[in-house]
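*Asks:* Just the structure for this:
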Amino acid sequence: MSLEKRGEKNMKAYKTAIIDIGSNSVRLVVYEIQEGYVYKEVQDVKMSLRLYQYLDEKGNLSNEGTKVLIETLKVFGVIIKSYESKKILATATAVIRQAKNAANVLKEVEKETGFKIRLLSEKEEAAYGQYAVARLTSIEEAYTVDMGGGSTEVTYFKGNELIYSHSFPFGVVALQEMFFAGKEPGDLEAMVETERFIKEQFATQDWLTKRNIPIVAIGGSSRNMASVHQRMSAYPISGLHGYSMKLEDIKATKFYLASKSLEQLRDLDGLSKDRADIIVPATITFQTLYQTTAAEKMFFVTEGLREGLLIDMINQENPDAYPVSGIRRAAISHLLINYGIDEEKANQRLARVQNILDLIVKEDLATASKQFNDYIYYAAMLYMVGSYVEAEDSSVHTFYLLANSNISGFTHQQRVLIALLASFKNKSLFTQYLAPFRSWFSDKELADIMRAGNLVRFCDQLNVVPVNKMLKSDLIKDGSKYRLKIKWKITPVAEQSRAERQKKRLEAVLGKKVTLDFHT
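*Replies:* Numbers count the residues shown, from 1 in each chain. Below you'll find the model as predicted:
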């Protein structure tokens, strides 16, 4: 769906602030909502207050805990004011839910800070995480897990509909206090007891069963585990959104973390210092859930509760902004906006590529599967977006930007595939970019990527002067060669010259020699 149809052109950017009061940390994120309802973080402040530790023996949040929370929120208020945020949403989850004096705490917080805190129910907390997952990935059936400090939310969704959800009364801080207090992170007895306890908890939900589907992991604990694993395996690109791990990866990471002392974990690359003492129980939880559900893989997203709240807010303003279908196409449009690419020109390039492809298919010189048409779409729409950085080396910049950008709806392998397509300039550079990822792709996939890249590279030369329309085109067999005949609206001087230089790209696709016949 085009930006014009969605009514998003020239919308005025505004800022939204979201405060997330959790059991382990209290966080403020300020987002700027830009053209096309693309959101961008402009400020992220996290305070590891561990409010769960301020629950007294009666289950009340102590005066000290309330005071710490209020002081933090007052600082957040100053920051929010400096950004002139149009909207502010403050929420609290498990630790305040569990506090018996929650109503009094929230009343005092509002009196002292002006923030009216929305206390999310267990079901709401789980649902908002799943809401983000359904709109930022193309996974249609999965479990989700969001492990906080005082609770762990698990859901099961299918066809983008939330079927089951449950908030388990334990989180990383709670597990650390229950089993690891005064012990090293790798204490064997503590690890065994933690796993036994978690298994018992999961067994209380009969819907939590073996389905051989992915687990989508949300939240800081899962991201830290994935980040450590990436460094363990010398992973060749950055970013956690779309990354995945198998059971053996989770086990290897758990044992690696358990082999470290607390001091060593605090200095470990990829692991936040404030999670050093809680990362092992978190990893045990993820492993146990994986085994309980016989998962296909664990898939990581960088968005969760806060983004679910934000996207829900945006969708109330424009229901088409973040749909549950068409996620990948929407993500491409968002990238074009981020990198200042003219979507109209990109669509025109796509139309010209599709025109030439149709001629090739008509002559039985190639087939165009759905997958190949997807390749054509990604390559044509994002072709050389790296010119946003520098036009001269746009291929290099294009590959780096796309391979290392979090793109909703795409796995890391698909992200690299898109980067290879959009950056295609010649076989030499293609081979250079591919080198660290060769094992990720089959020979057929690589052949199709090369074909799509060559075709888009050639057709980009037909897109030099946007106002020059292709009125008619034909691909005519001429002995052992083919003749590409195009009638143009105005004399195609630029198109003829540039297309001649890149004609070999079209010949590589056809496997035949080609002559160009451009005329008005």
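*Asks:* Tell me, how many residues neighbour the closest residue in space to residue 461 that isn't next to it in sequence?
*Replies:* Taking CB to CB, 6 or more residues apart in numbering, and ignoring the residues beside it in sequence, residue 461 has residue 498 as its nearest neighbour in space, at 3.9 Å. Bear in mind the C-beta positions are built from the backbone N, C-alpha and C, glycine included. Other residues near residue 498 number 17, with proximity taken as other CB atoms under 10 Å.
*Asks:* From residue 222, how far off is residue 129?
*Replies:* Counting by CB to CB, to the nearest Å, the gap from residue 129 to residue 222 is 11 Å.
*Asks:* got the residue ranges for the strands in the stretch 251-400 of the chain?
*Replies:* For the stretch 251-400 of the chain, strands defined by DSSP state E, counting those that start in this stretch occupy the ranges 298-300.
*Asks:* can you give me the helices in it?
*Replies:* Shown for the stretch 251-400 of the chain, the helices assigned by DSSP state H, counting those that start in this stretch span residues 262-266, 279-293, 305-317, 327-338, 343-362, 370-382, 394-403.
*Asks:* Tell me which of those helices is the most buried.
*Replies:* Greatest average neighbour count among those goes to helix 279-293 (a mean of 24), per mean count of other CB atoms under 10 Å.
*Asks:* Which elements pack onto it?
*Replies:* Counting contacts by 3 or more CB pairs under 8 Å, 6 or more residues apart in numbering; DSSP states H and E, the secondary-structure elements packed against helix 279-293 are strand 141-147, helix 172-175, helix 188-202, strand 215-218, helix 220-232, helix 247-258.
*Asks:* ok, the residue nearest to residue 429 when sequence neighbours are not counted - contacts?
*Replies:* Nearest-residue entry for residue 429: residue 395, 5.8 Å, with adjacent residues in sequence omitted and distances by CB to CB, 6+ apart. For residue 395, the contact set (CB atoms under 8 Å, 6 or more residues apart in numbering) comprises 384, 386, 423-425, 429.
*Asks:* Among those, find me the one that's closest to residue 507.
*Replies:* Minimum distance to residue 507 across the contacts of residue 395 is 15.4 Å, recorded for residue 424 (CB to CB).
*Asks:* I figured the closest one was touching residue 453, is that so?
*Replies:* Yes. Using CB atoms under 8 Å as the test, residue 424 is close enough to residue 453 to be in contact (2.9 Å).
*Asks:* who touches both of those two?
*Replies:* With contacts taken as CB under 8 Å, 6+ apart, the residues that reach both residue 424 and residue 453 are 379, 430.
*Asks:* Any regions of this structure where pLDDT drops low?
*Replies:* Of all residues in the chain, those with pLDDT under 70 make up the ranges 1-10.
*Asks:* Give me the domain ranges for it.
*Replies:* Under the assignment automatic domain parsing, the domains of the chain span 3-120, 123-305, 327-467.
*Asks:* so how far is the longest one from its chain's centroid?
*Replies:* Right, domain 123-305. Taking CA atoms, centre = their mean, to the nearest Å, the mean C-alpha location of domain 123-305 is offset from the chain mean by 17 Å.
*Asks:* measure that domain end to end?
*Replies:* According to CA to CA, to the nearest Å, domain 123-305 extends 12 Å from its N-terminal end residue to its C-terminal end residue.
*Asks:* same check, this time on stretch 142-155
*Replies:* Its first and final residues considered, stretch 142-155 spans 8 Å by CA to CA.
*Asks:* so where do the helices sit in the stretch 401-520 of the chain?
*Replies:* According to DSSP H, counting those that start in this stretch, the stretch 401-520 of the chain carries its helices in the segments 412-422, 427-434, 443-460, 493-501, 503-510.
*Asks:* could you dump these to CSV with distance to residue 302?
*Replies:* Written out in CSV, the entries for the helices of the stretch 401-520 of the chain read as follows (distance: least, CB to CB, whole Å):
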stretch, distance to residue 302
helix 412-422, 12
helix 427-434, 24
helix 443-460, 26
helix 493-501, 40
helix 503-510, 36
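*Asks:* Need the contact partners of stretch 197-209.
*Replies:* Applying CB under 8 Å, 6+ apart, the set of residues contacting stretch 197-209 from outside is 143, 154, 156, 163-164, 166, 168-170, 175, 178-179, 284-285, 288-289, 292-293.
*Asks:* coming back round to it: quick one: which of the helices and strands packed on helix 279-293 is nearest residue 61?
*Replies:* Among the helices and strands packed on helix 279-293, the nearest to residue 61 by CB to CB is helix 172-175 (14.0 Å).
*Asks:* Give the other helices and strands that the closest one contacts.
*Replies:* Applying 3+ CB pairs under 8 Å, 6+ apart, one finds that helix 172-175 contacts helix 188-202, helix 279-293.
*Asks:* Output the last one as CSV, nothing but the C-alphas.
*Replies:* Listed in CSV are the C-alpha atoms of helix 279-293, where the atom choice follows Å, rounded to 0.1, in the frame of the first residue of the first chain:
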residue,chain,number,x,y,z
ILE,A,279,21.5,-14.5,33.4
VAL,A,280,22.0,-18.2,34.4
PRO,A,281,18.5,-18.7,35.8
ALA,A,282,17.2,-16.9,32.8
THR,A,283,19.0,-19.3,30.4
ILE,A,284,17.8,-22.3,32.4
THR,A,285,14.2,-21.0,31.9
PHE,A,286,14.6,-20.6,28.2
GLN,A,287,16.2,-24.1,27.9
THR,A,288,13.4,-25.7,29.9
LEU,A,289,10.7,-24.0,27.9
TYR,A,290,12.3,-25.1,24.7
GLN,A,291,12.4,-28.7,25.9
THR,A,292,8.8,-28.6,27.3
THR,A,293,7.5,-27.4,23.9
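*Asks:* Leaving out chain neighbours, which residue sits closest to residue 436?
*Replies:* Counting by CB to CB, 6+ apart, residue 436 lies nearest to residue 236, which is 3.9 Å off, once chain neighbours are set aside.
*Asks:* Ok, residue 245 next?
*Replies:* Nearest one to residue 245, counting by CB to CB, 6+ apart, is residue 298 at 4.9 Å.
*Asks:* What of residue 324?
*Replies:* Counting by CB to CB, 6+ apart, the nearest residue to residue 324 once its immediate chain neighbours are dropped is residue 160, at 4.4 Å.
*Asks:* List the buried residues in stretch 137-154.
*Replies:* Along stretch 137-154, these residues count as buried under the neighbour rule (16 or more other CB atoms under 10 Å): 137-139, 142-154.
*Asks:* How about stretch 50-62?
*Replies:* Using 16+ other CB under 10 Å as the burial criterion, the residues of stretch 50-62 that qualify are 50-55, 60-62.
*Asks:* and which of those is nearest residue 253?
*Replies:* Residue 253 has its nearest neighbour among these in residue 50, at 23.4 Å by CB to CB.
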